[in-house]
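# Pasted the sequence and its predicted model underneath.
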Amino acid sequence: MSKVILVVEDDPKSMILTKDLLQISGFSTVQATDGKQGVVVATSAKPDLILMDIMMPKMDGYSACHELKSNPDTKNIPIIMLTAVGYDLNKKLAQNVGAQGYITKPFSRQELLDAINPLLHNT
């Protein structure tokens, strides 16, 4: 059975690209288009891993990550921030709210797999 990855991304092009890269790599995906929806989908679908954009409507990725890590039902799901913002301060903030990884857009399929695979082997 393939691992399920939740992609939380408000940009339709980024969503399609990420979803396609994951699917051709053998993963199943579920989607959410903002942080609030991401929390709801993660809580109900219990994915194996979450890829979370930072800048989104309704709830940003930091807040969504913090909420998921504060919930006993979702706290053990690895979260990788996927964002166009590559500043060290943002990476540190992502770690502080519980993210286990950080990928800067644009990214290659290999970069995505290199970030995802170690976290999935721990689940």
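Arrived safely.
# Ramachandran angles for Ile79?
Backbone torsions for Ile79, taken as degrees, to the nearest 10, come to phi -120, psi 130.
# Sorry, wrong one. I was asking about Lys46.
According to degrees, to the nearest 10, Lys46 has phi 50, psi 60.
# Off-centre distance for the helix or strand of the chain with the lowest mean pLDDT?
In the chain, no helix or strand scores lower on mean pLDDT, DSSP states H and E than helix 88-96, which sits at a mean of 90. Offset of helix 88-96 from its chain centre (Cα atoms, centre = their mean, to the nearest Å): 15 Å.
# What helices and strands are in contact with it?
Counting by 3 or more Cβ pairs under 8 Å, 6 or more residues apart in numbering; DSSP states H and E, the packing neighbours recorded for helix 88-96 are helix 61-70, strand 101-104. Using the backbone N, CA and C atoms, a C-beta is placed for each residue, glycine as well.
# Please name the residues that touch the spatially most central residue of the chain.
Closest to where the C-alpha atoms of the chain average out (Cα atoms, centre = their mean) is Leu51, at 1.3 Å. Leu51 sits next to Ile5, Leu6, Val7, Val8, Glu9, Thr18, Ile79, Ile80, Leu82, Ile103, Ile116 when contact means Cβ atoms under 8 Å, 6 or more residues apart in numbering.
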